[in-house]
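Q: turn this into a model:
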Amino acid sequence: MTLRVSLVAAARSSSRLAERFDDDRPLDQAGWHEVQLVAHTLVPLGAAELRYCSPTPRSRATGEALGFAPMAQP
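A: Below is the predicted model of the structure:
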């Protein structure tokens, strides 16, 4: 039996630039652009049976933008 685990980091947000790391920060325009640039590479990962993400807004937004429909887990 083969098990494959792939991890995708959430795209950036503006507060990352200010070195603040609160959990409620959304993706900024550059973050959305990053998702669009790598989507062609990451979209095939959406075929996985289980797709989880952090409950943070930018993690959910990254997963949704890639079409993963991830389940948010604390």
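
Q: residue ranges with poor pLDDT in this protein?
A: Residues of the chain that meet the criterion pLDDT under 70 lie in 14-23.

Q: please enumerate the strands of it.
A: 52-53, 71-72 (DSSP state E).

Q: give me whichever of those strands is most buried.
A: Most buried of the strands of the chain, by mean neighbour count (mean count of other C-beta atoms under 10 Å): strand 52-53, with a mean of 16. Heads up, the C-betas are built off the backbone N, CA and C, glycines and all.

Q: pairing partners for that strand, with directions?
A: strand 71-72 (parallel) (DSSP bridges).

Q: including distance to Ser6, could the strands of the chain go into TSV?
A: What follows is those, written out as TSV (distance: least, C-beta to C-beta, whole Å):
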stretch	distance to Ser6
strand 52-53	11
strand 71-72	15
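
Q: minimum distance to Thr41: which of these has it?
A: strand 52-53 (17.7 Å; C-beta to C-beta).
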